[in-house]
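In: sequence? don't have it. structure:
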């Protein structure tokens with residue numbers, strides 16, 4: 001299932017800026033303040049995120065330059081004005097759960113890394129932003145529906161064709 005345009009991660013944007021961020025990070029030296037601040041400013045402009053020396057240092061401690069560039073190039077999940085539908089919620093959970101569920105066909109970085117970053121840095125924060133009591137009720141309703149369909153051996157596509 002394709003998500004609404006506003007929910008779908010901007011893969012083209014990620015491909016465009018990831019390489020630029022990677023080049024900037026290769027020149028990053030936390031010891032040289034002027035150069036460091038200039039690189040942070042450029043990365044902030046590319047990503048439209050507030051990036052500080054502390055944030056960048058924390059990222060650099062844990063991951064390779066390529067992973068940090070990928071994490072920074074992932075856009076911030078939107079704040080949704082229209083709540084998630086049951087099908088959208090199930091789709092997002094499937095994407096988080098299974099790396100082979102959606103194929104993005106991006107050659108710039110390994111599929112495993114892209115899936116991990118999208119799951120943890122995009123989809124989970126998206127759910128956290130939109131989570132409230134209504135979504136909890138929706139989640140329970142969707143889970144029960146999915147469980148029912150699984151027990152009955154009906155695929156989601158067959159179920160949706162009936163309506």
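Out: Now that the structure is in, tell me what you want to look at. This structure is a prediction, so every number in the text was calculated from the model and none was measured.

In: Run a quick neighbour tally on residue 36.
Out: Residue 36 has 17 neighbours, counted by other C-beta atoms under 10 Å. Any C-beta I mention is one placed from the backbone N, CA and C, and that applies to glycine too.

In: these two touch, right, it and residue 54?
Out: No. Using C-beta atoms under 8 Å as the test, residue 36 is too far from residue 54 to be in contact (11.4 Å).

In: Report the helix or strand with the lowest average pLDDT across the protein.
Out: helix 156-161 (a mean of 53; mean pLDDT, DSSP states H and E).

In: what residue is smack in the middle of this structure?
Out: Per C-alpha atoms, centre = their mean, the C-alpha nearest to the average position across the chain is that of residue 122, at 2.3 Å.

In: and that residue, how far is that from residue 96?
Out: 10 Å (C-beta to C-beta, to the nearest Å).

In: wait, what's in contact with the residue nearest to the centre of the chain?
Out: 9, 74, 75, 77 (C-beta atoms under 8 Å, 6 or more residues apart in numbering).

In: same thing with residue 76?
Out: Residue 76 touches 48, 49, 125, counting by C-beta under 8 Å, 6+ apart.

In: Just give me the closest of these to residue 4.
Out: residue 125 (16.8 Å; C-beta to C-beta).

In: Spatially nearest residue to that closest one, not counting backbone neighbours?
Out: residue 77 (5.0 Å; C-beta to C-beta, 6 or more residues apart in numbering).

In: From residue 4, how far off is that neighbour?
Out: Using C-beta to C-beta, residue 77 is found at 12 Å from residue 4.

In: so residue 125, which of the three states?
Out: The three-state label given to residue 125 by DSSP: H, G, I helix; E, B strand; the rest coil is helix.

In: wouldn't it be in contact with residue 78 here?
Out: No. Counting by C-beta under 8 Å, residue 125 does not reach residue 78; the two are 10.4 Å apart.

In: that older thread, tell me the spacing between the residue nearest to the centre of the chain and residue 87.
Out: In terms of C-beta to C-beta, residue 122 sits 19 Å off from residue 87.

In: Please apply the same query to residue 47.
Out: Residue 47 is 30 Å from residue 87, where distance means C-beta to C-beta.

In: More neighbours: which of the two?
Out: Between residue 47 and residue 87, counted using other C-beta under 10 Å, the more crowded position is residue 47 (19 against 14).

In: who touches that one in this structure?
Out: Neighbours of residue 47 in contact, by C-beta under 8 Å, 6+ apart: 17, 21, 72, 73, 75.
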